[in-house]
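Q: this one's sequence-less:
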Ligand code: CTP
Ligand code: MG
């Protein structure tokens, strides 16, 4: 088996507001991307890792990842490449740098630093079972309310508010996590189709915030497996504080 994973770590972390790129921000003294990479490899499902790094931090990212091992004690095949201007562009850069493998690929966010190895294994096994696209999902626990198009364009409702369009039942909805798993040719083709359509992830209105969405736009069904609350995306200071508590709660 030569299963590959792309670990996206090229973002700046603007919402976290740290001087370091987010993937290099420490959680219990260990950079987020190292937490994520360790858990990916601990699944036993990944032997080849391509990491997208901020262009100015390729060497720092490589240094942070030195010494990683597979469950059998051997080192993984590791490549660090500069990412792109959007997450989508970074994943595309990772795909371009992937060595030949077993025809499948996982795509994981360094920002989901605490994603447990069994989520990785569930995703990888579902791809091996023949699903061309797989995503972990967790249930929505909040009540949902639809509002007019663009109402959250600035991330929050405009002063004065907007009319609501109706409550949305949450029972059929899931929150998307990573790693997502793919038949590699299918993911390559979905990225190529997005680029051909002028979608590069830079325009919020057309961007796909995850790869399963790109594959879905290319006409494929996405298979869901159970995610985990530990796979939360660390976006804000609050998330980092929560991840610190969750990590302290983990068996060592
Ligand atoms: N990412 C990437 N290349 C980009 C943007 C994001 O590889 N150009 C990665 C991030 O490093 C992260 C994942 O994609 O692991 C999810 O992105 P997000 O949580 O949005 O991270 P940032 O873009 O770094 O954060 P922000 O949007 O707050 O700046
Ligand atoms: Mg971002």
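A: Perfect, thanks for sending it. For clarity, every value in this text was computed on a predicted model and none was experimentally measured. Numbering: from 1, shown residues only. Ligands and ions are numbered 1, 2, ... in the order given.

Q: Report the distance from stretch 36-50 to the chain centre.
A: The chain centroid and the centroid of stretch 36-50 are separated by 14 Å under Cα atoms, centre = their mean, to the nearest Å.

Q: One more: stretch 44-62?
A: 14 Å.

Q: Could you number the chain from 195 rather than 1 from now on?
A: Got it, the first residue is 195 from now on, which makes the last one we talked about stretch 238-256.

Q: To which secondary structure element is the spatially closest residue to residue 419 that is not a sequence neighbour assigned?
A: Among residues not flanking residue 419 along the chain, residue 316 sits closest, at 4.4 Å (Cβ to Cβ, 6 or more residues apart in numbering). For every residue, glycine as well, the C-beta is placed using N, CA and C. Element membership of residue 316 [criterion: DSSP states H and E] is helix 311-322.

Q: now do residue 284
A: Assigned by DSSP H and E, residue 284 falls in helix 281-291.

Q: before we move on, back to that, just after the helix holding residue 316, pick out the following helix or strand.
A: Scanning onward from helix 311-322 (DSSP H and E), the first element met is strand 327-333.

Q: Show me which positions of that following strand end up buried.
A: Neighbour-count burial for strand 327-333 flags 327-331 (criterion: 16 or more other Cβ atoms under 10 Å).

Q: show me what contacts the closest residue in space to residue 362 that isn't next to it in sequence?
A: Among residues not flanking residue 362 along the chain, residue 338 sits closest, at 4.2 Å (Cβ to Cβ, 6+ apart). Contact analysis of residue 338 by Cβ atoms under 8 Å, 6 or more residues apart in numbering lists 361-364, 367.

Q: And ligand 1, is the strand or helix carrying residue 382 touching that?
A: Using DSSP H and E, residue 382 sits in helix 378-390. No: on the criterion Cβ under 6 Å from any ligand atom, helix 378-390 is out of touch with ligand 1, staying 13.9 Å away.

Q: Would you mind naming what in the stretch 245-394 of the chain lies close to ligand 1?
A: 246, 277-281, 284, 303-305.

Q: can you give me the helices in the stretch 345-446 of the chain?
A: Secondary structure of the stretch 345-446 of the chain (DSSP state H, counting those that start in this stretch): helices at 378-390, 405-411, 431-442.

Q: Out of those helices, which one sits most buried?
A: Counting by mean count of other Cβ atoms under 10 Å, helix 405-411 has the highest mean neighbour count of the helices of the stretch 345-446 of the chain, with a mean of 23.

Q: circling back to that earlier point, how big is the angle separating the helix holding residue 284 from helix 378-390?
A: 130 degrees (axes from the mean of the first three to the mean of the last three Cα atoms, to 10 degrees).

Q: Between the two ends of stretch 294-313, how far is it?
A: 24 Å (Cα to Cα, to the nearest Å).

Q: Check which residues of that stretch are buried.
A: 295, 298-311, 313.

Q: Determine which residue lies closest to the centroid of the chain.
A: The structure's the chain has its C-alpha centroid closest to residue 303; by Cα atoms, centre = their mean the separation is 2.9 Å.

Q: of all of the stretch 245-394 of the chain, which residue lies closest to ligand 1?
A: Residue of the stretch 245-394 of the chain nearest ligand 1, by Cβ to the nearest ligand atom: residue 284 (3.4 Å).

Q: and that residue, what is it in contact with?
A: Shown in contact with residue 284 (Cβ under 8 Å, 6+ apart): 202, 204-205, 246, 277-278.

Q: Quick one, grab the pLDDT at it.
A: Per-residue confidence (pLDDT) for residue 284: 98.

Q: Now it: closest residue in space, sequence neighbours ignored.
A: Using Cβ to Cβ, 6+ apart, the closest residue to residue 284 is residue 277 (3.4 Å).

Q: Check residue 373 too.
A: residue 302 (3.8 Å).

Q: wait, what's in contact with that neighbour?
A: If you count contacts by Cβ under 8 Å, 6+ apart, residue 302 has them with 199-202, 230, 234, 309, 314, 372-374.

Q: With that, I have no additional questions.
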